[in-house]
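Chemist: 3D model of this:
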Amino acid sequence: MSFAKLLLEDKWFRWFLFGMVLLGGVSFLLIFYLLWLGAFRGLLPVDVPIPGRDFSPHYQAAVAFSRGEGLSPPVGSYYFCYFPLVIFYYLPLSYLSFYPAFFVITLWNLLMALVTATLATKILSYYQVKLPATGKWLIFLAIIFFCPVTASLNSGNVNTLVACFITMFYFFLIVKDKNLYAGLSLVVAALFKIFPAALLLFAIVKGRFKFILVFLLILALCCVISISLLGLPVHVDFAKYLLIANQSTAKAATGCNSAISGIIYNSLAFFNIQGTARNIINIAWVFIRLAFVLLILGYLYLLFRKREGAFRDKEWTILFFSLFSVLMVSLPNHAWVYYTSCLVLPFILCIFCLKLSPLEKTLLALSVAFFSFNTHIDTICTLIGGVFQSLDYLVPPSVIGNLLFLAFVLLKMVRLKRGSESAQIEESLRLQL
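Modeler: Below you'll find the predicted structure:
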């Protein structure tokens, strides 16, 4: 048997992915801290950010809030960009100095990753995938060393927490059928980052309208509590910030944008397209994304209009969740690579619960590879410069990772549909005979 065929066997395929994720995460930390501590100083043309860089502005906001200063930032500045109620999450840390507070939040995020791993193994058990104790710890290691999660832990942001609550949402909605807990989990995730609200599309496709009602009621209650505690002006400022930030990301270009939109905005900047042409392209891109989502929803409606039972199939549930998960982190105007932390559960479910063809395994492995070595590719392209740096700027590796995973999910859905149609034809022929 050739090495390629051996590698595509389920057991060795999973070990290969685990090794790739572990290598990517460990080497990221090693390279980052060597550069941060001053080794190879001057090697890169940009400064290496400090550990906890994303935690810092929210920590400073909590410190200011604890001193009685206002929470509202100057409009358009990056100060506290989460829903105002979230300030109480950071408030206890404001009584510590920065690095002890960062250490505490890092331990907390590691705990969130452990909870994610525990819930993931329970979800796998629900799908009849039994893992030994060693396998469960490997799932935990694979999560914390998945480079977007590793970078998120290193920066001290909330994406590990958001990924944990998205996993809770799936666990309570699908495994436990608890609308209240599922709604509360998704509300918490959406309060920290707005994009998890896109998973309401998953609930719509699954026909879980009671859950959607519960989600909206809990969200409304949180808004009332937040306004009662912090006042309406703070929330108006927050809404203005979101609108201004969304408009600015539609105009700006940055090589670290892992959303598909990054290709559009970076290309506009790279080729210096300005004025009316730029505005037309930006507006067209908004409608293209909307049409793409509507096309997918229409396809799913036509696909299952006569087969409602298929919505309860394990494979289709996993693919629906994976599809809307990758869309929520790849279709906004801007998405940091950290946001891909929310894809850890879809990756785990696709690897362990779906029967994959060699092509599907290849797409999945390449997607994981681009995420695992995202920073490495960026660094190498920066060092080489020239056309490599330009290509990396136009299409960052994290964008390729999102596109590959999206292609994998769509391909799997098409093949699953064809397989079910073939099975129906065979069954009808058998009955006729």
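Chemist: in the stretch 101-250 of the chain, which spans are helices?
Modeler: Secondary structure of the stretch 101-250 of the chain (DSSP state H, counting those that start in this stretch): helices located at 133-144, 147-155, 159-170, 179-192, 200-205, 209-230, 232-251.
Chemist: Quick one: closest of these to Pro49.
Modeler: For Pro49, the closest of the helices of the stretch 101-250 of the chain is helix 147-155, at 7.6 Å, according to C-beta to C-beta. Just so you know, the C-beta spots here come from the backbone N, C-alpha and C atoms, and that holds for glycine as well.
Chemist: What's the mean pLDDT across that closest one?
Modeler: The average pLDDT within helix 147-155 is 94.
Chemist: now that helix and helix 159-170, what's the angle there?
Modeler: 130 degrees (axes from the mean of the first three to the mean of the last three C-alpha atoms, to 10 degrees).
Chemist: I'd like to know which elements helix 147-155 is packed against.
Modeler: helix 10-36, helix 98-126, helix 133-144, helix 159-170, helix 358-372, helix 374-384 (3 or more C-beta pairs under 8 Å, 6 or more residues apart in numbering; DSSP states H and E).
Chemist: Report the mean confidence score over the second one.
Modeler: Confidence for helix 98-126, expressed as mean pLDDT, is 96.
Chemist: Please state the offset of that helix from the chain centre?
Modeler: Centroid separation for helix 98-126 versus its chain: 16 Å, with C-alpha atoms, centre = their mean, to the nearest Å.
Chemist: Give me the buried positions along it.
Modeler: 98, 101-102, 105-106, 109, 112-113, 115-121, 123-124 (16 or more other C-beta atoms under 10 Å).
Chemist: go on, the third one?
Modeler: Neighbour-count burial for helix 133-144, counted by 16+ other C-beta under 10 Å, picks out Leu138, Ile139, Phe140, Ala142, Ile143, Ile144.
Chemist: Specify which member of those is nearest to Ser357.
Modeler: For the buried residues of helix 133-144, the nearest to Ser357 is Ala142 (22.5 Å; C-beta to C-beta).
Chemist: where does the stretch 151-300 of the chain have low pLDDT?
Modeler: Within the stretch 151-300 of the chain, the ranges that satisfy pLDDT under 70 run 245-255.
Chemist: and with 80 instead?
Modeler: Applying pLDDT under 80 to the stretch 151-300 of the chain picks out residues 240-256, 300.
Chemist: Of the buried residues of helix 133-144, just say which sits nearest to Ala259.
Modeler: Distances from Ala259 to those, taken by C-beta to C-beta, are shortest for Ile143, at 22.4 Å.
Chemist: show me where pLDDT drops low in the stretch 1-150 of the chain?
Modeler: For the stretch 1-150 of the chain (pLDDT under 80), the answer is 1-8, 35-49, 69-81.
Chemist: Repeat the analysis, applying 70 as the threshold.
Modeler: In the stretch 1-150 of the chain (pLDDT under 70), the answer is 1-6, 39-47, 72-79.
Chemist: next one: the stretch 301-433 of the chain
Modeler: For the stretch 301-433 of the chain, the stretches with pLDDT under 70 are 304-312, 420-433.
Chemist: Going by distance to Gln128, which of the buried residues of helix 133-144 wins?
Modeler: Ile139 (16.2 Å).
Chemist: wait, what's in contact with that closest one?
Modeler: Taking C-beta atoms under 8 Å, 6 or more residues apart in numbering as the criterion, Ile139 is in contact with Ala117, Ala120, Thr121, Leu131, Ile348.
Chemist: so the last one touches Ala120, yeah?
Modeler: Yes: under the criterion of C-beta atoms under 8 Å, Ile348 is in contact with Ala120, at a separation of 5.2 Å.
Chemist: ok, now which ones touch the residue nearest to Cys381 when sequence neighbours are not counted?
Modeler: Leaving out its chain neighbours, the residue that sits closest to Cys381 by C-beta to C-beta, 6 or more residues apart in numbering is Asp392, at 3.7 Å. Going by C-beta under 8 Å, 6+ apart, Asp392 touches Gly255, Ile377, Asp378, Cys381, Thr382.
Chemist: Taking those residues together, which two end up most distant?
Modeler: Of all pairs in the contacts of Asp392, the most separated under C-beta to C-beta is Gly255 and Ile377 at 11.1 Å.
Chemist: re the thing from before, compile the helices and strands packed on helix 147-155 into JSON lines and extend it with columns for distance to Asn282.
Modeler: Listed next are the helices and strands packed on helix 147-155 as JSON lines, based on distance: least, C-beta to C-beta, whole Å:
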{"stretch": "helix 10-36", "distance to Asn282": "33"}
{"stretch": "helix 98-126", "distance to Asn282": "35"}
{"stretch": "helix 133-144", "distance to Asn282": "36"}
{"stretch": "helix 159-170", "distance to Asn282": "27"}
{"stretch": "helix 358-372", "distance to Asn282": "26"}
{"stretch": "helix 374-384", "distance to Asn282": "25"}
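Chemist: do you know which of these lies nearest Phe408?
Modeler: Nearest of the helices and strands packed on helix 147-155 to Phe408, taken as C-beta to C-beta: helix 358-372 at 4.0 Å.
Chemist: Not counting its own residues, what contacts that closest one?
Modeler: Around helix 358-372, the neighbours that count as contacts under C-beta under 8 Å, 6+ apart are 8, 13, 16-17, 20-21, 23-25, 146-148, 337, 340, 343, 347, 350-351, 354, 356, 377, 397-398, 400-402, 404-405, 407-408, 411-412, 415.
Chemist: Could I have the buried ones of the residues you listed as PyMOL selection syntax?
Modeler: Buried members of the contacts of helix 358-372, defined by 16+ other C-beta under 10 Å, are picked up in PyMOL with:
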select buried, resi 8+13+16+17+20+21+24+25+146+147+148+337+340+343+347+350+351+354+356+377+397+398+400+401+402+404+405+407+408+412
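Chemist: how deep is Phe271 tucked in, by neighbour count?
Modeler: Residues lying near Phe271 (other C-beta atoms under 10 Å) number 9.
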